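Quick one, fold the following:
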Amino acid sequence: MTNAFVSVGEGAASVRGAAGKYGIPEATLHDRVRGYVNPEVVKSGKRPLLNQEEELHLVEHLKVMTASGYGYSRAEVVDMASTYTAVLERIYNVDEKGLKQNHSPPSIVTSLEAAAKTPAVVSGKGSTVTVTGCGNALGNQIPPYSVFPGKRMRPELLKDCTSGADGTVTESGWSNTEVFLYYLEHHFAKFVQGRDSNNKILILYDGHKSHISLPLIDWAKEHKIILFTLRAHTSHVLQPLDLGCFGPFERIYNNECHKFMRSNACTGIDRFSVCDLACKAYGKALSTHNLRSSFKKSGIHPFDPLAVDQFIPAKVLKRVALRTRLTFDVPDLQEMTSSPSTSTFFKSREEAVGQVNKVTKRRRTISRVV
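As a prediction, this is how the structure comes out:
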């Protein structure tokens, strides 16, 4: 197969000639040349649960154990691989993403003279719809759950959405404690994999106040679900969906909106069209490859403490540091606790913080932009 594919790629033979020369079905070689099938795939069927890196990790473990005098039988290796994949499908990340009706138009190809004169085709000022996304370390996604602005849920809001997608309404269009609890109880629990009485499920999410409530904790304990809240100002380096999924999600959504506006410039994008466009982008952005890469980049799976070699503070912390620029010479802890001036030490620091000059934000004017 490889020789036939290379000969066709180099132009040494046609598809029919290479198929006859190497004894390969012409349709099989044609699909690989056209790009319908990966040339490295040698058998049909479902994709393997473990990728090459995970298989290599398992093989190295088998070699180490064999060298130590503890070899595994074939049945034990199958059970080990099954357990390995079962662990991956029980690690989930949940996060929200806000989508606007007045999307950001993509860049266009034009001359420098016409760039400033070309108008962008977008909808008018619209509301924000929150999409709650979820996926696990194995690469499986949970269907999207949308939160629309309004007071009464209408079936038309979910028109043309993908199978399994659902939603609700709030006055602001943002999620809250009740919505998040309902999402986990009725939507997440319906599609989650690897859930049984013996194995627990791990859910990772940021520490927004809507994610922390006593009823939610009681429900999680009852259903053997571990809720793990990421530390403040670390979601930009530790939350998988923020690292590798929501960026493509927003870009694909803007492209889908741009295509929609080309065909529906008179009507524009209303709240009844957002779910359809969001579902198309959601399925592509939260793909198996993106989810696995996101968990790998965050160091969650495969577990890698060095994935984040040095902690980079969030942009908010950087701005605060630039504004304050406070440097203190902190004395030795034992000396500070034994000194009678401990209270004055903290009082002086509080006064120094209060004396920081506030930086006024300059307004953007036409002269400054030009």
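
list the contacts for the residue nearest the centre of the chain?
Centroid-nearest residue in the chain, with C-alpha atoms, centre = their mean: L241, separated by 1.7 Å. For L241, the contact set (C-beta atoms under 8 Å, 6 or more residues apart in numbering) comprises N93, V94, D95, G133, G135, L286, S294. For the C-beta atoms, the positions are set from N, CA and C on the backbone; glycine is no exception.

Check V274 too.
L99, Q101, V129, S146, F148.

pLDDT at it, what is it?
At V274, the predicted lDDT confidence score is 90.

Likewise for the one 3 residues further on?
In the prediction, the pLDDT value recorded for L277 is 92.

Next, the closest residue to it other than its chain neighbours: secondary structure please.
Closest residue to L277 apart from its sequence neighbours, by C-beta to C-beta, 6 or more residues apart in numbering: E256 at 4.6 Å. Put simply, E256 is helix when judged by DSSP: H, G, I helix; E, B strand; the rest coil.

Neighbour count for the contacts of L241 - can I get that in a markdown table?
Shown next, in a markdown table, are these (neighbours: other C-beta atoms under 10 Å):
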| residue | neighbour count |
| --- | --- |
| N93 | 28 |
| V94 | 22 |
| D95 | 22 |
| G133 | 22 |
| G135 | 26 |
| L286 | 25 |
| S294 | 25 |
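
Out of the residues you listed, which two sit at the greatest distance?
The distance between the two most remote of these (C-beta to C-beta) is 13.1 Å, for V94 and S294.

what's downstream of the helix or strand containing V64, the next helix or strand?
Element membership of V64, judged by DSSP states H and E, is helix 52-67. Following helix 52-67 in sequence order, the next helix or strand is helix 74-88 (DSSP H and E).

quick one: buried residues of that next one?
A81, Y84, T85, L88 (16 or more other C-beta atoms under 10 Å).

Also stretch 240-249?
Neighbour-count burial for stretch 240-249 [16+ other C-beta under 10 Å]: P240, L241, D242, L243, G244, C245, F246, F249.

what's the answer for stretch 9-21, then?
Neighbour counts over stretch 9-21 (16+ other C-beta under 10 Å) mark A13, V15, A18, A19 as buried.

name the element the last one belongs to?
The one in question is A19. When elements are defined using DSSP H and E, A19 is found to belong to helix 15-22.

After that helix, which helix or strand is next?
Remark: after helix 15-22, the chain's next helix or strand is helix 26-34, criterion DSSP H and E.

Kindly spell out which helices and strands sit in contact with that next one.
Contacts defined by 3 or more C-beta pairs under 8 Å, 6 or more residues apart in numbering; DSSP states H and E place helix 26-34 against helix 2-9, helix 15-22.

H57: which of those is closest?
Using C-beta to C-beta, the nearest of the helices and strands packed on helix 26-34 to H57 is helix 2-9, at 26.1 Å.

how many degrees apart are that closest one and helix 15-22 in direction?
Calculated by axes from the mean of the first three to the mean of the last three C-alpha atoms, to 10 degrees, helix 2-9 forms an angle of 150 degrees with helix 15-22.

Just give me how far helix 2-9 sits from the chain centre.
Centroid displacement of helix 2-9 relative to its chain, using C-alpha atoms, centre = their mean, to the nearest Å, is 38 Å.

do the same with stretch 71-91
Relative to its parent chain, stretch 71-91 has a centroid offset of 26 Å by C-alpha atoms, centre = their mean.

So what's the model's average confidence on that stretch?
Looking at stretch 71-91 alone, the average pLDDT works out to 80.

what does that stretch rub up against?
Stretch 71-91 is contacted from outside by 49-50, 54, 58, 62, 65-66, 136-138, 140, 193-195, 199-202, 204, 295, 300-301, using C-beta under 8 Å, 6+ apart.

What about these, which are in helices?
Members of the contacts of stretch 71-91 lying in helices (criterion: DSSP state H): E54, L58, L62, M65, T66, F295.

Which pair of those residues spans the longest distance?
Pairwise over the ones in helices among the contacts of stretch 71-91, using C-beta to C-beta, the maximum falls at T66 and F295, 29.0 Å.

more crowded one of these two?
Using other C-beta atoms under 10 Å as the criterion, T66 and F295 rank with F295 on top: 27 against 11.

residue contacts, the more buried one?
Residues in contact with F295 (C-beta under 8 Å, 6+ apart) are I91, N93, A137, P240, H301.
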